[in-house]
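Peer 1: Structure, please.
(4 chains, ligands or ions: 4)
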Amino acid sequence: MAATRMTLVAALNEALRSVLASDPKTLVMGEDVGRLGGVFRVTDGLQKDFGEGRVMDTPLAESGIVGTAIGLALRGYRPIVEIQFDGFVFPGYDQIVTQLAKMHARSRGRVRLPVVIRIPYGGGIGAVEHHSESPEALFAHVAGVRVMSPATPSDAYWMLREAVRCDDPVIFFEPKRRYYDKGEVDVDPAAGERQPPAHTARVVRPGRDLTLAAYGPMVRTCLDAAEVAAEEGHDLEVVDLRSISPVDFATVERSVRRTGRLVVAHEAPVFFGAGAEIAAHVAEHCFYHLSAPVLRVGAYHTPYPPSRLEEEYLPGIDRVLDAVDQALAH
Amino acid sequence: MAATRMTLVAALNEALRSVLASDPKTLVMGEDVGRLGGVFRVTDGLQKDFGEGRVMDTPLAESGIVGTAIGLALRGYRPIVEIQFDGFVFPGYDQIVTQLAKMHARSRGRVRLPVVIRIPYGGGIGAVEHHSESPEALFAHVAGVRVMSPATPSDAYWMLREAVRCDDPVIFFEPKRRYYDKGEVDVDPAAGERQPPAHTARVVRPGRDLTLAAYGPMVRTCLDAAEVAAEEGHDLEVVDLRSISPVDFATVERSVRRTGRLVVAHEAPVFFGAGAEIAAHVAEHCFYHLSAPVLRVGAYHTPYPPSRLEEEYLPGIDRVLDAVDQALAH
Amino acid sequence: MSGDGIRLLTPEGERVPHPDYPFDPAPEELRALYRDMALARRVDAEGVTLQRQGELGLWPSLLGQEAAQVGSVRALREGDRVFPSYREHAVALGRGVDPLALMRLFRGVDHGAWDPDAHDFHLYTLVIGSQTLHATGYACGMAKDGADAAVIAYFGDGATSQGDVSEAFNFAAVWDAPIVFFCQNNQWAISEPNERQTRVPLHQRAQGFGFPGVRVDGNDVLAVQAVTRAALDHARSGRGPFLIEAFTYRMGAHTTSDDPSRYRDAAEVESWRAKDPLLRLERLLRREGAADDAFFAEVAVAGEALAARVREGVRAMASPAPEEMFDHVYAEAHAGVDRERAAFAAYQASFAEEG
Amino acid sequence: MSGDGIRLLTPEGERVPHPDYPFDPAPEELRALYRDMALARRVDAEGVTLQRQGELGLWPSLLGQEAAQVGSVRALREGDRVFPSYREHAVALGRGVDPLALMRLFRGVDHGAWDPDAHDFHLYTLVIGSQTLHATGYACGMAKDGADAAVIAYFGDGATSQGDVSEAFNFAAVWDAPIVFFCQNNQWAISEPNERQTRVPLHQRAQGFGFPGVRVDGNDVLAVQAVTRAALDHARSGRGPFLIEAFTYRMGAHTTSDDPSRYRDAAEVESWRAKDPLLRLERLLRREGAADDAFFAEVAVAGEALAARVREGVRAMASPAPEEMFDHVYAEAHAGVDRERAAFAAYQASFAEEG
Ligand SMILES: Cc1ncc(C[n+]2csc(CCOP(=O)(O)OP(=O)(O)O)c2C)c(N)n1
Ligand SMILES: Cc1ncc(C[n+]2csc(CCOP(=O)(O)OP(=O)(O)O)c2C)c(N)n1
Ligand SMILES: [Mg+2]
Ligand SMILES: [Mg+2]
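Peer 2: Ligands and ions are numbered 1, 2, ... in the order given. Purely as a prediction, here's the structure:
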């Protein structure tokens, strides 16, 4: 089958459709995932095709959703949970941190909880409070869950499939402001074999002068920044991390050993964000290869502001380039 | 008044007693804080002396505790909440992250929430699951709350008083394995004037060869490690960070500019832990002063293990010294 | 599920007396109720329009819930405190909040930063159910203060599923807190009907926590006001919490982002249109000769004037200065924020220099 | 608060028939119940002793709750699934879990890693109330599978305050999940008595969510078994959840770390001693000639033998290998854990070299 051009939302929908069709133990559950197809339509049409027993509208309670998903997983199901927006995952945080993440270790490996928690995240869509956040660091610090975020429709398709197949709990962050970006997706199983594992990073643009590392919505921003930098004569390498826990440090370090410079970008606030872990790790392990300090670009240590300010709050091409310039100036 | 020797628990109790006595708007609330005086006796005798209206046993529900504390603060009270153990704060996490932390910004400064959330944290006490964790990074990433942790009885006394006085919400992490350590506490108000502000770090041992930065229970460990290192001829400086949000980087950087080397230690897992932020920041800002990479010492990316393994899990003197040796070897 | 609830006014605009809730407002009070509902409806319609025109990012319409909101807010006394959810525009107006303050939130200019103390009306809360705990704590504080006052907390049918709401019920019950829990059961939580949220009528929830709960016809402004007044008296008199389930209907979309045709029948909406809260009060007013065409025309004019003011106000609303992001994170100085504010200023200045 | 609940056996060991819960176990069944309770009590006492001797880090005693636990677990059928809290030692034994498996948890050797599938008995859950949601999800899965089975979820009186428990009640009700919620109301949540957790008897909580709830005398093993059996039948037959409040008493400390003299009267404890669950069954057995001194002596001997096995087993329990920390964080390979495992091994090896 040839690749098809589709939006990231359509790719996620296709991925869910394919796992629901192939594995009767998979379930989709969450608020408004049924008839409505989710507020972003990621689950559009699934209840119609697979029934209310497979695609379940739940009561409005995130702890209940995650907690009952755990119970369903204990019974042998593979629940795929939708959290409606990033800012609404916190009522379910206790179940994620104290139960979902720990039960495999608690049971010395006897209990597996193949639960996927899909979270549309990030800003840039002009939304009201709680609808634009990037809380991934609050999950990556928690041992026992995997954290990943695709940047393209193709990765959305294949990474979601892999998350569902995985026997570990996965927090799957979907870059909501890229939902309607289009890209080629080859849904042929043979294409699947060629996909790199979801926990690996990928060099999406090779370059010599500096490494830009990002994930999710910021990959596009970094690629765009690299275009601009190229016009100014700077050859930037862009690494799409894809996985936030684990981080594929091997790929990042390999890149940095060549370029000697690293800028990490994410939408989340910089303070205690993913960039801190990546900068700390790379600064330690590439100590003698770095010609400049690792710089971090991200949001500020403030609550997500009213949407009229989000353009200033979110790191855009200019802020990425500003950091690139600073790093190159060393 | 002369300084008195007392345990860290007694110092906290004294601090609570003094604020309850001086400010009728202060309240103590939580599970078992009344008659029992809390499972660690931090609130011992307070209900007897100040009544059930000031020292309130709450229903067993952390979200309810934090949420009603917010409401009481809106009404002009200054609630001091006790969470029984580190691992049980998560049902209250949503109220902390989405409400307590954000309401001041949400209201453009109109609403102040002077709520203190006391959390006994950390391991080393041979406890069962959920009773030994160090979740401070999960709070420091959240803008709007302050995060601090005292290391000594004197700081316990003065920092808790300052937390209660502060008009911002404070997550106050108490190093439970140091609860019964004794130290001098001078409760004289004049001594209070001499205390450094709670958001500043303090050099608790001066040294020339390397900076050890820690907070809470690990300060003692680092001081002990410095003693051992001194015998081996290495002169270590120990910085007690005291505050985790904000981090007093100025003090840390000043130290590192002199010593050229930094090891950060905490009980929490290293991955996405506080050490990442400190290492990333210092590696950036002291880039040309560092003779060795910033090294991090902490727990592993695993759930807190059964207590029979905690000695291997927690960073002790030996692991701190191992990192020191590595840093000095550069 | 146990009918439409306590009713003092039929959809046809006829009075039906209720032994427990005697209520006989004077004609001018009836007209004031109507005016409040009509103005709220007009402001709400303007919110929808402004969103369609791109002036607002979002608008959650209260269409159909005017009686539930106006009736309840009219039952409050000065010093009583309101904790709203995010759809309580008529309650906000009833507490003297300027409609433009609401618009600021939905325009993305601020997060809804009116002065809660000035209006005894807390900020909108978007995380479902959270405010019920704040309300309970606040009520507990009122009781500590010996205040002769009560709290009213608004939330939806869907919200009742959240653990926080159950915790609030329980804390309030154990503490005998002076609070009225006011659930606007508008039949839908976005696309999910009541049956997906509860097995039994929502007012019964209270019994399990040990306090009274009643259902009131939420489209009957008289019944809502009478029942809320009684509930507030109950709370103020030290008898603890009270739950009101106002049985009503969300006539519009969940918000302007929503497309209800995907999940509900036009017939259902039609059947509720017959119970329209304004229409039934209009019928009463006309039937009893308490208002004439001139009155309704005058209200309509006032509505247009208000809408015009709102429209102009919204269009004129400036975006905040970007530096403001840093201003209210903490009440006291925070080195991290200060550092970032300075870096931001320097970065902004660098563009200014470049030109 | 509505008395001691449904009762089939008085504290004096006399039978009292109940029309809704007919139950007439044969003498050998009665003896088996007694034996289960006595052995559980003996294991429990050994747990306390071993903690005092420093062999265990902690032990939460079930003393006084034997009837609630043995009666309920005996009502289960094969294939029914148990979700315990952390004090359900008698339930664990009833499901064939080795007492040493429980001891491992409280010794700090593991987190309680028995095989939940082998025993249809889930792991202990220490975060109050969490397991009620797992239980509800599991029950929902059973229903999906068309299994003729039900779930029973154990939790305490204090747990009912947690939002998770209310959410579990509501999910189970909306989904008609085959689950029995079994609340052991032992009157205390550490130092907090029932009045600090609830305004009304706990079994009433269910009504607000639309399913039945009853109180049973939790120290009457016959009543507990009969009521639980009926509740499980209710759940299995597709009628949805059922709440049982087993009214009992925690005779000992909350755990070995607790000092109940700080918060409760000796007189209260004494009054409950008169309702001892073992004593009353012994009285029945003797009164009806279903057991004689020889039987009780034999049970005591079996208890001592079991205690001795537990004691030796605990003392012989080796600590796990430190590397095991890394083994079960994830089911599949994780680069971060692998890196840390390797670093740990190298670090350990460095001592071996030096030493
Ligand atoms: C904790 C949380 N989860 C999810 C959402 C997304 N959400 C916004 S409104 C809504 C439905 C609310 O329904 P209801 O309580 O009946 O209030 P209504 O909108 O009908 O007034 C949902 C699911 C949210 N705001 N908060
Ligand atoms: C979420 C959470 N908060 C606090 C605790 C600490 N804690 C352990 S047991 C307990 C009391 C439990 O009381 P109850 O539910 O009545 O059960 P019991 O111990 O009486 O069997 C508390 C507060 C906990 N384990 N989990
Ligand atoms: Mg609704
Ligand atoms: Mg109890």
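Peer 1: Where do the helices of chain A begin and end?
Peer 2: A:8-22, A:46-50, A:62-74, A:93-94, A:103-106, A:137-140, A:153-165, A:189-194, A:217-231, A:249-259, A:274-285, A:310-313, A:317-329 (DSSP state H).
Peer 1: Out of those helices, point me to the one whose mean pLDDT is lowest.
Peer 2: Of all the helices of chain A, mean pLDDT reaches its minimum on helix A:189-194 (a mean of 93).
Peer 1: Which residue, neighbours along the chain excluded, lies closest to residue 119?
Peer 2: With no chain named, the answer covers chain A. Take A:I119 and drop its neighbours on the chain: the residue closest to it by CB to CB, 6 or more residues apart in numbering or on different chains is A:I83, 4.7 Å away. From N, CA and C alone the C-beta is placed, and that goes for glycine too.
Peer 1: Chain C, not that one
Peer 2: Counting by CB to CB, 6+ apart, the residue nearest C:H119 is C:R95, at 4.4 Å.
Peer 1: Tell me which of the helices of chain A sits nearest to A:K176.
Peer 2: If you check each of those against A:K176 by CB to CB, helix A:217-231 wins as the nearest, at 7.8 Å.
Peer 1: could you list every residue that touches the residue of chain A found nearest ligand 2?
Peer 2: Per CB to the nearest ligand atom, A:D94 is where chain A lies closest to ligand 2, at 7.6 Å. Residues in contact with A:D94, defined by CB atoms under 8 Å, 6 or more residues apart in numbering or on different chains, are A:63, B:90-91, B:93, D:127, D:130, D:164.
Peer 1: how's chain A carved up into domains?
Peer 2: Residue ranges for each domain of chain A read A:4-193, A:202-329, as given by automatic domain parsing.
Peer 1: Double-check that C:V337 belongs to a helix.
Peer 2: Yes - judged by DSSP: H, G, I helix; E, B strand; the rest coil, C:V337 forms part of a helix.
Peer 1: Just want the most central residue of the chain.
Peer 2: No chain in the question, so chain A it is. When CA atoms, centre = their mean is applied to chain A, the residue found nearest the centroid is A:S149 (1.5 Å).
Peer 1: My question was about chain C, not that one.
Peer 2: Per CA atoms, centre = their mean, the C-alpha nearest to the average position across chain C is that of C:E88, at 1.8 Å.
Peer 1: Which residue is the nearest non-sequential neighbour of that residue?
Peer 2: Leaving aside its chain neighbours, C:E88 sits nearest to C:Y154 (5.2 Å; criterion: CB to CB, 6+ apart).
Peer 1: I'd like the distance between that neighbour and ligand 2.
Peer 2: Distance of C:Y154 to ligand 2, computed by CB to the nearest ligand atom, to the nearest Å: 28 Å.
Peer 1: beta partners for that residue?
Peer 2: Beta-bridge partners for C:Y154, by DSSP bridges, are C:F182.
Peer 1: In contact with C:E78, which residues are there?
Peer 2: C:D120.
Peer 1: C:Q207: what's it in contact with?
Peer 2: Neighbours of C:Q207 in contact, by CB under 8 Å, 6+ apart: C:213, D:204, D:207-208.
Peer 1: Doesn't it belong to a helix?
Peer 2: Yes - C:Q207 forms part of a helix when assessed by three-state DSSP.
Peer 1: Next, count neighbours for the closest residue to ligand 1 within the stretch 101-250 of chain A.
Peer 2: Residue of the stretch 101-250 of chain A nearest ligand 1, by CB to the nearest ligand atom: A:H130 (6.7 Å). Here the number of neighbours of A:H130 (other CB atoms under 10 Å in any protein chain shown) works out to 21.
Peer 1: Could you measure from it over to C:P84?
Peer 2: Distance, A:H130 to C:P84, using CB to CB, to the nearest Å: 16 Å.
Peer 1: Let me know the distance separating the closest residue in space to C:E55 that isn't next to it in sequence from D:G5.
Peer 2: Closest residue to C:E55 apart from its sequence neighbours, by CB to CB, 6+ apart: C:V314 at 5.2 Å. As judged by CB to CB, C:V314 and D:G5 stand 61 Å apart.
Peer 1: Of the contacts of C:Q207, which pair is most distant in space?
Peer 2: C:G213 and D:Q204 (12.8 Å).
Peer 1: Longest strand in chain A, please.
Peer 2: Scanning chain A for the strand with the most residues, using DSSP state E, yields strand A:262-269.
Peer 1: per-residue confidence for the closest residue to ligand 1 within the stretch 51-200 of chain C?
Peer 2: Going by CB to the nearest ligand atom, ligand 1 is nearest to C:G156 of the stretch 51-200 of chain C, at 2.3 Å. We have a pLDDT of 98 for C:G156.
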